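Engineer: Kindly generate the corresponding structure for this input.
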Amino acid sequence: MPSTTRTPFTAVSTPDRTSFDTEIPLSPLVSYLPAPTRVIRDGARPKLPRTLHKVLATTKEAIYDNRGMLLVAAAQLFFSLMNVWVKKLNSLDPPVPAFELIFVRMSITWVCCITYMFIAKVPDPILGPKGVRLLLVARGFFGFFGLFGVYYSLQYLSLSDATVLTFLAPMCTAISGAVLLHEPFSWREALAGLASLFGVVLIARPQFLFGKQHHATPLTDIGHVVEVARRAAEEMAAVTPAQRVGAVGVALLGVLGATGAYTTIRAVGKRAHPLHNLVSFSSQCVIVATVAMIVMRTPVVVPMRWDWLLMLLLIGIFGFIAQVLLTMGLQRETAGRGTMAVYVQIIFATIFERVFFHSSPSVLSVIGTLIILTSAIYVALIKARTHSGKRSGAESPAASDDPSVEEGLLANHAEDSLQESKDVELTSIAVAPPQTFEGDGIETHVLKT
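Structural biologist: Residues are numbered from 1 along each chain as shown. Purely as a prediction, here's the structure:
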């Protein structure tokens, strides 16, 4: 029987130091194992806090769901910036006529559109795609009548009255989109549109409701483009009731023109490039403005100072950017929700009046601004909540009332439990130590399981 006595091990030539530096080479039998490091996969980023990540995800989702409204709202910002320089040009002596401003603005828009489409090689830059050419012509036609209704009505109406009538266009556009294009338009959006229109009334304070008041004129898209016409009307004799009724009718015709322009943009949709809409609109406006100046024998005012020329250039550039953003927004959003953002223009106008012309808004203007902002945010939240509800319903089939779904889930759970039990049985096999039998000098090892 083998001996079980063990001889203690004694180390030979043990180093007399306890600290080792790099000068002492390691034994070739010793392998160096580096400390484990965290492996970051390609494209992986450190995790953000759960609350911050949720807020960022919700914000990104809300921006994507309301990108059409945001583009239209951005267009109103550039419209208001354009009107700032229009008002400054109207303060010159002599002031720049309204039709000359339209000619300059639309000429710059047309040149920018054609130049970009030729450089980007957009097909059919003049007439547009074959399937939507009639709609593009209709967009320019309706857009012209929208401008004409505003210009004519301001000869006999106050600017505040004309502003309120013009802002009827978003609500009419929502109704036409629902009737003609079969787009969704809920009663909540309708109430928000009426609330926004009420906010416009509080800011503009038309004479037929508030009487004649002296307050700052808002820098809306129609406000100071036609301030020359309004000044000329003030110098004329008192407006008769018949003229006023006729001006209201023409203003409503302008509302129908703006409604038709917005609706045709939605009807064209993404079948045409956004600049195709602008080419048709700007070309028709340039032709009509030129004919009107010739017929009315309107003198052309040429600014002689470089800063006046810069203002004219800014008017054209800001107007071009605003029209592009407006068209892109209406291509991505329904007519009802997209035109809701048009009301934001009067808010930008009030802010720029304060910044550039030091005009303080009244209490009613502040209340109207809050109403418009609240309505726009409410409409945006309605869509965000609707989309999240649809996604949650699509991603949680277990919440369905179908009993077959529940039976399938239970069956899958039973199969998983059975597979787990088999895996446990296979991994629980213990290997016993070998037993040794001695006989005739032969050791036999038996392995038991």
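Engineer: List the contacts of the nearest residue to Phe78 once chain neighbours are set aside.
Structural biologist: Once its chain neighbours are removed from consideration, Phe78 has its nearest residue in Ala322; the separation is 3.8 Å (Cβ to Cβ, 6 or more residues apart in numbering). C-betas here are computed from N, CA, C, even on glycine. Contact partners of Ala322, counting by Cβ atoms under 8 Å, 6 or more residues apart in numbering, are 75-79, 82.
Engineer: One more pass at 10 Å, please.
Structural biologist: 72, 74-82, 109, 221, 345 (Cβ atoms under 10 Å, 6 or more residues apart in numbering).
Engineer: And it, how close does it get to Ser362?
Structural biologist: In this view, Ala322 and Ser362 are 27 Å apart by Cβ to Cβ, to the nearest Å.
Engineer: for the protein, which spans come out with low pLDDT?
Structural biologist: Low-confidence segments of the chain, defined by pLDDT under 70: 1-48, 92-93, 159, 212-239, 383-449.
Engineer: which residues in the protein form strands?
Structural biologist: Along the chain, the stretches classed as strands by DSSP state E are 435-439, 442-446.
Engineer: follow-up on the earlier one: just the contacts of Ala322 now: which is nearest Gly177?
Structural biologist: The shortest approach to Gly177 among these belongs to Val72, at 13.6 Å (Cβ to Cβ).
Engineer: Settle this for me: the closest one is touching Met328, isn't it.
Structural biologist: Yes - the pair Val72 and Met328 passes the contact test of Cβ atoms under 10 Å, sitting 8.7 Å apart.
Engineer: Look at these two and report which has more neighbours.
Structural biologist: Under the neighbour definition other Cβ atoms under 10 Å, Val72 and Met328 were set side by side, and Val72 has more, 28 against 21.
Engineer: give the contact list for the more buried one.
Structural biologist: By Cβ under 10 Å, 6+ apart, the residues touching Val72 are 170, 262, 322, 325-330, 332-333, 337-342, 344-345.
Engineer: do you know how far Ala267 is from Phe142?
Structural biologist: Noted for Ala267: a distance of 11 Å to Phe142, by Cβ to Cβ.
Engineer: Now do the shared contacts for those two.
Structural biologist: Gly260.
Engineer: who's more crowded, those two?
Structural biologist: Neighbour tally, Ala267 and Phe142, criterion other Cβ under 10 Å: the higher count belongs to Phe142, 21 against 17.
Engineer: Around the closest residue to the more buried one other than its chain neighbours, how many other residues sit close by?
Structural biologist: Using Cβ to Cβ, 6+ apart and skipping the chain neighbours, the partner closest in space to Phe142 is Gly260 (3.2 Å). Other residues within reach of Gly260, judged by other Cβ under 10 Å, total 22.
Engineer: Please give me every residue in contact with Gly260.
Structural biologist: 138-139, 141-143, 145-146, 169, 172-173, 176, 267.
Engineer: mind redoing it with 8 Å?
Structural biologist: In this structure, Gly260 makes contact with 138-139, 141-142, 145-146, 176, judged by Cβ under 8 Å, 6+ apart.
Engineer: Pick out the most distant pair among those.
Structural biologist: Comparing all pairs in those by Cβ to Cβ, the longest separation belongs to Phe141 and Ser176, at 15.5 Å.
Engineer: ok, which stretches of the stretch 301-449 of the chain are helices?
Structural biologist: For the stretch 301-449 of the chain, the helices defined by DSSP state H, counting those that start in this stretch occupy 306-332, 335-340, 344-357, 363-395, 403-427.
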